[in-house]
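Peer 1: Provide a 3D model corresponding to the input given below.
(2 chains)
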Amino acid sequence: MNVLIGIWITISIIAAFLVPEVRELNATPIAFFHVPMAITMFGCFFAAAGSGIGWLATKQEKWDAWSLAWGEVGFAAGCITFLTGLVFAGANWGAYWTGDPQQVGVLGTLMLYAAMLSLRSAIDDDGKKRNFWAVYSLFGVLVACFGGYIYSRIVPPNASLHPNGTLKSSSEIYKFVFTFNILGFFLLMSRITFLRAKLERITNRLHEMSWETI
Amino acid sequence: MGNKEMFVLAVTLITWAGVFVYLVRLDGLAKKLERELKYREEEKAPVEWGESRPRD
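Peer 2: The predicted model follows:
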């Protein structure tokens, strides 16, 4: 599986540099990593909230492990989105930080998730920790939607430099490579989530066993 | 390939390499802990008379 993902992403990287430049973008290839990572980040945060509901409804430990894993991987995808967004801004607008609503929104979302993960790790009681995290992840996804999508669309026109609708006006090859990238990155992040959730469950089980032997 | 594209390529490759190394290490750690859990569960389970316990 890891090899398949490795080949997929490597092909994606090469393909992104072979696609013709889009007229309104300088250094087009960065869009092929920045946008799929942003979509993956949203997908992960929604999945974290969904798994959180699963925990609240069933109290099965696996749902909490999945919710935490999706949250952590979403946070990592968000960091990559932000980093590649800085490169995107530097290439297109001449400055890495422009105070663009989309940059501010994503930074706010990342700070919130960092606080959520820190809060979770600060609670010792397992039940409380899982309940809090499930509720945090529900609020977190709302903030992510506002910060990453709605905020840049409610500011006055021309307040945001961020291009929208590039995909609709682009060529078929661009659309194909773009979709290929999105699927590849989502597969990569899903694989990491699966492993992270598995690790969380094994660690919990080992922890329980160590208590049983005392 | 211009300077901008080289910079984009460098950022992309470094990020991808980092994520891939993390994926491989996570996979290794998960396998190692899975083996440890299996071993501990077998250790806890009662052993039949004459049966030897497998060890890594």
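Peer 1: most centrally placed residue in chain A?
Peer 2: With distances taken as CA atoms, centre = their mean, A:Met41 lies nearest the centre of chain A, 1.7 Å away.
Peer 1: what helix or strand is that one on?
Peer 2: helix A:31-58 (DSSP states H and E).
Peer 1: is any part of the helix or strand following that helix close to chain B?
Peer 2: Next along the chain after helix A:31-58, taking DSSP H and E as the criterion, comes helix A:61-93. Yes - using CB under 8 Å from any CB of the partner chain, a contact is recorded between helix A:61-93 and chain B, made by A:80, A:83-84, A:87, A:91. The C-beta positions use only the backbone N, C-alpha and C, and glycine is treated the same way.
Peer 1: helix A:61-93 vs helix A:31-58, what angle?
Peer 2: Taking axes from the mean of the first three to the mean of the last three CA atoms, to 10 degrees, helix A:61-93 and helix A:31-58 form an angle of 160 degrees between their directions.
Peer 1: near chain A, which residues of chain B?
Peer 2: Proximity of chain B to chain A, by CB under 8 Å from any CB, involves residues B:1, B:4-5, B:7-9, B:11-13, B:15-16, B:19-20, B:22-24, B:26-27, B:29-30, B:33-34, B:36-37, B:40-41, B:44.
Peer 1: what mean pLDDT does the one helix or strand B:Lys32 maps to get?
Peer 2: For B:Lys32, the host element (DSSP H and E) is helix B:3-44. Summarised as a single mean, pLDDT over helix B:3-44 is 85.
Peer 1: ok now it, how far from the chain's centre?
Peer 2: 6 Å (CA atoms, centre = their mean, to the nearest Å).
Peer 1: which bits of chain A sit near chain B?
Peer 2: Near chain B, when you scan chain A using CB under 8 Å from any CB, you find A:2, A:5-6, A:9-10, A:13, A:16-17, A:26-27, A:29-30, A:33, A:80, A:83-84, A:87, A:91, A:188, A:191-192, A:195-196, A:198-199, A:202-203, A:205-206, A:209.
Peer 1: list only those of these flagged as buried.
Peer 2: Using 16 or more other CB atoms under 10 Å in any protein chain shown as the burial test, the residues of chain A next to chain B include A:5, A:9, A:13, A:16, A:26-27, A:29-30, A:33, A:80, A:83-84, A:87, A:91, A:188, A:191-192, A:195-196, A:198-199, A:202 as buried.
Peer 1: relative to A:Gly78, how far out is A:Tyr96?
Peer 2: Applying CB to CB, to the nearest Å, the value for A:Tyr96 to A:Gly78 is 17 Å.
Peer 1: neighbour-wise, which of the two wins?
Peer 2: Ranked by neighbour count (other CB atoms under 10 Å in any protein chain shown), A:Tyr96 and A:Gly78 place A:Gly78 first, with 27 against 13.
Peer 1: which residues touch that one?
Peer 2: Taking CB atoms under 8 Å, 6 or more residues apart in numbering or on different chains, we find A:Gly78 in contact with A:41, A:106, A:109-110, A:113.
Peer 1: what helix or strand does A:Ser190 sit in?
Peer 2: Per DSSP H and E: helix A:172-213 holds A:Ser190.
Peer 1: just checking, what packs against the helix or strand of chain A with the lowest mean pLDDT?
Peer 2: Least confident helix or strand, chain A: helix A:151-154 with a mean of 82, by mean pLDDT, DSSP states H and E. Packing partners of helix A:151-154 (3 or more CB pairs under 8 Å, 6 or more residues apart in numbering or on different chains; DSSP states H and E): helix A:101-122.
Peer 1: next, the angle from the helix it packs on to helix A:31-58.
Peer 2: Going by the same axes, to 10 degrees, helix A:101-122 makes 40 degrees with helix A:31-58.
Peer 1: mind giving me the packing neighbours of helix A:101-122?
Peer 2: Here helix A:101-122 touches helix A:61-93, helix A:126-145, helix A:151-154, going by 3+ CB pairs under 8 Å, 6+ apart.
Peer 1: thinking again about what came up before, could the contacts of A:Gly78 go into JSON lines alongside pLDDT?
Peer 2: Supplementary listing: those in JSON lines, determined by pLDDT from 0 to 100:
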{"residue": "A:Met41", "pLDDT": "93"}
{"residue": "A:Val106", "pLDDT": "92"}
{"residue": "A:Thr109", "pLDDT": "94"}
{"residue": "A:Leu110", "pLDDT": "94"}
{"residue": "A:Tyr113", "pLDDT": "95"}
